[in-house]
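[1] 3D model of this:
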Amino acid sequence: MPQTAFPKLLSSQIAFDIARTMLDGFDKHYRLFRAASQDAKRYFETGDWKTAQVKARERIAFYDARVQECVQALEDEYDREEIGDEVWREVKLHYIGLLINHKQPELAETFFNSVCCNILHRTYFHNDFIFVRPVVSTEYLEPEGMHPTYRVYYPGTDGLHYTLKRIVTNFQLAAPFADLDRDVGFVEARMRAMFGSDLLEPNHQLQVLATLFYRNKGAYIIGKGINGNRIYPFVVPILYNRKRELVLDTVLFDPTLITVLFSFTRAYFMVDMEVPSAYVQFLRTLMPYKPRSEIYTILGLQKLGKAAFYRDFLHHLKHSSDCFESAPGIRGLVMVVFALPSFPYVFKVIKDYFPPPKETTRELVKEKYLLVKNHDRVGRMADTLEYSMVAFPRARFSNELLADLKQVAPSIVEEEGDEIIIKHLYIERRMIPLNIWLYDAERRGDHAAIEHGIVEYGNAIKDLVGVNIFPGDMLYKNFGVTKHGRVVFYDYDEIEYITDCNFRRIPTPRNEEDEMSSEPWYPVARNDVFPEQFGTFLLGNLEVRKYFLKHHADLLTPQYWQNAKQRILDGHVEDVFPYPQELRFSYKPLTPAAQAA
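    Numbering: from 1, shown residues only. As a prediction, this is how the structure comes out:
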């Protein structure tokens, strides 16, 4: 660009003012986001779990609220007629200039896009008015002053026990530990077994993120050991014992377990980050195969996670040639689901109408998905990415799939030239439907896999019950198996709060006519649930029945559900352990007599 053109290009005061307003809107958002994340430390120290849950849900809505505030401010201040294409191009250039030395430039770019897409017509989404790709680099961004992203410790110099104790005390938790020296000794013993002689070398470092990660009733120390080109990730959960004292519960080294801790099936962490990209970069060294989009999302920065995911998706489309097809599994009554075989996600579109026995609406289905987004997913419900006005290449759709979409969701699907526009959809991690998993295991004669699937299925339901979620439709087809073998619920249109359900025992028949009736002869309200009937739909397969009754027979009794509901009503918040119980320092294996009982 000639130098003489530059002053003319950036000559609009309106463009600068709009850019300034948008960045001020983002800065307000991130200031409130950080304040909410910082408060998580106080809730943990005081054990105020109810408030922590409420604040975690409220934080999810911060972004959309600030975007709408900014949109409203711009629409109140400026007429659309005075903001032409040249002004919008200049707005972006001014905004880039304002991001120099900014600590969250990638988040600010996403906020800019969100505001623009609320003002501009979608035909502008892919032009130079918005950030199609990141413009400002986040490499080597670090906080200023005395608060680095991570702290470095040298156990070879200071001794491992002293170093580990200093790591914990540096977080300055305002709550007493039951026996910190004892717990540090447990961590030390496992680290020595894991790292071996590396710990004795003077150049061995322990790098630990400077702030704790809070979720549910736990706080997590995230770190890694480094010796030359060897990296050893580790995570130390801090919990309360029954005496309301802090304990180090375990130490995790297995990259798979650490990845599960940061799974898409769990609630977002509350963590204070001045420079989020530095945290993401650190976490990527622990989980190199987890996409940046998922890490941003699990840190509560789900809007950037969505934007990064969509960029990854467009990149994948450009470098693949397979076609979208209907997803495997039993066809749903509420959603039409399709997938790209080479891409590990599914695309879910709400139908325009729902055949009996479904009694719901599009808005109610969207409310259920929003409930899950805002709820503690406890490792058992898949997070979903919600998009509007998504353009797909027409050439990648078969005529059959396109005809199906137009037939069941004509108000949502449009064909424009060489593009298919879907006005609203959800994108979700692809899993093997549990009914298919069980069928394949039976076909192979793999009894262990069948038992594992049923154990995980029952555990998934019990974990959901613990956070006040009743799945509604408990059929196996509504659950999926992840690559780590965990069973996860993913069909939300009939989901209810446990506390809104009435779990009843089937009344004793009054006479033979009642007993032989194909319809209930007793009154049934909308939210009445009869657990004794679950077996009719779940236990038709004899081997499945055997394992279900062995591990989860209590799910078929009204008493189990009634007791769980009462615990929730009494204000009890269940413990959630995103790692196997046997790894806990306090774990004591059951005796043979107890196992038999």
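[2] Can you tell me how far Tyr369 is from Glu428?
    Tyr369 sits 10 Å away from Glu428, taking CB to CB, to the nearest Å as the criterion. Placement of C-beta: from N, CA and C, glycine included.
[3] end to end, how far does stretch 161-181 reach?
    End-to-end distance of stretch 161-181: 8 Å, with CA to CA, to the nearest Å as the criterion.
[4] Revised request: answer the last question for stretch 316-333.
    End-to-end distance of stretch 316-333 (CA to CA): 30 Å.
[5] List of residues touching it?
    Under the contact criterion CB atoms under 8 Å, 6 or more residues apart in numbering, stretch 316-333 has outside partners 336-343, 346-347, 351, 354-355, 358, 392-393, 396-398, 401, 404, 430, 433, 435-436, 477, 491.
[6] Could you list the domains of this structure?
    Residue ranges for the domains of the chain, per automatic domain parsing: 5-124, 150-316, 320-430, 434-583.
[7] for the ones you listed, which one sits closest to Arg133?
    Minimum separation from Arg133 across those (CB to CB) falls at domain 150-316, 7.1 Å.
[8] circling back: neighbour-wise, which of Tyr369 and Glu428 wins?
    For Tyr369 versus Glu428, neighbours defined as other CB atoms under 10 Å are more numerous around Glu428 (21 against 18).
[9] tell me the contacts of the more buried one?
    When contacts are counted by CB under 8 Å, 6+ apart, Glu428 touches 345-346, 348, 382-385, 490.
[10] Find me the pLDDT at it, would you?
    Glu428 is assigned 96 on the pLDDT scale.
[11] What's the first helix or strand after the strand or helix carrying it?
    Glu428 belongs to strand 419-429 when elements are defined using DSSP states H and E. Using DSSP H and E, the helix or strand that directly follows strand 419-429 along the chain is strand 432-433.
[12] Give me the contacts around that next one.
    Contacts to strand 432-433, defined as CB under 8 Å, 6+ apart, come from residues 328-330, 476-477, 479-481.
[13] burial measure for Lys588, as a count.
    Neighbour count for Lys588, taken as other CB under 10 Å: 8.
[14] How about the secondary structure of it?
    coil (DSSP: H, G, I helix; E, B strand; the rest coil).
[15] How are the strands of the stretch 401-550 of the chain distributed by residue range?
    For the stretch 401-550 of the chain, applying DSSP state E, counting those that start in this stretch gives strands covering 413-416, 419-429, 432-433, 469-470, 479-481, 487-489, 496-497, 502-503, 528-529.
[16] quick one: pLDDT of the residue nearest the centre of the chain?
    By CA atoms, centre = their mean, the chain has its centre lying nearest to Phe264, at 3.8 Å. Looking at Phe264, its pLDDT is 90.
[17] Chain neighbours aside, what residue packs nearest to it?
    In this structure, Phe264 finds its nearest non-sequential neighbour in Asp383, 4.8 Å apart by CB to CB, 6 or more residues apart in numbering.
[18] Which residue ranges of the stretch 201-350 of the chain form strands?
    205-209, 213-215, 218-227, 230-240, 246-248, 325-326, 335-339, 345-350.
[19] Now render these as JSON lines, adding mean pLDDT and mean neighbour count.
    JSON lines is the format used below for the strands of the stretch 201-350 of the chain (pLDDT from 0 to 100; neighbours: other CB atoms under 10 Å):
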{"stretch": "strand 205-209", "mean pLDDT": "95", "mean neighbour count": "21"}
{"stretch": "strand 213-215", "mean pLDDT": "97", "mean neighbour count": "23"}
{"stretch": "strand 218-227", "mean pLDDT": "95", "mean neighbour count": "21"}
{"stretch": "strand 230-240", "mean pLDDT": "95", "mean neighbour count": "19"}
{"stretch": "strand 246-248", "mean pLDDT": "98", "mean neighbour count": "22"}
{"stretch": "strand 325-326", "mean pLDDT": "94", "mean neighbour count": "16"}
{"stretch": "strand 335-339", "mean pLDDT": "95", "mean neighbour count": "21"}
{"stretch": "strand 345-350", "mean pLDDT": "96", "mean neighbour count": "22"}
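[20] quick one: which of these is nearest Gly540?
    Nearest to Gly540, of all the strands of the stretch 201-350 of the chain, is strand 335-339, at 24.4 Å by CB to CB.
[21] Okay, angle between that closest one and strand 419-429 too, please.
    Interaxial angle of strand 335-339 relative to strand 419-429 (axes from the mean of the first three to the mean of the last three CA atoms, to 10 degrees): 90 degrees.
[22] So which elements touch strand 335-339?
    Packing contacts for strand 335-339, counted by 3 or more CB pairs under 8 Å, 6 or more residues apart in numbering; DSSP states H and E, involve strand 325-326, strand 345-350, helix 399-408.
[23] so which of those comes closest to His315?
    For His315, the closest of these is strand 345-350, at 13.7 Å, according to CB to CB.
[24] Check which helices and strands the closest one is in contact with.
    By 3+ CB pairs under 8 Å, 6+ apart, strand 345-350 packs against strand 335-339, helix 362-374, strand 419-429.
[25] Now with 6 Å, please.
    In terms of contacts (3 or more CB pairs under 6 Å, 6 or more residues apart in numbering; DSSP states H and E), strand 345-350 is packed against strand 335-339, strand 419-429.
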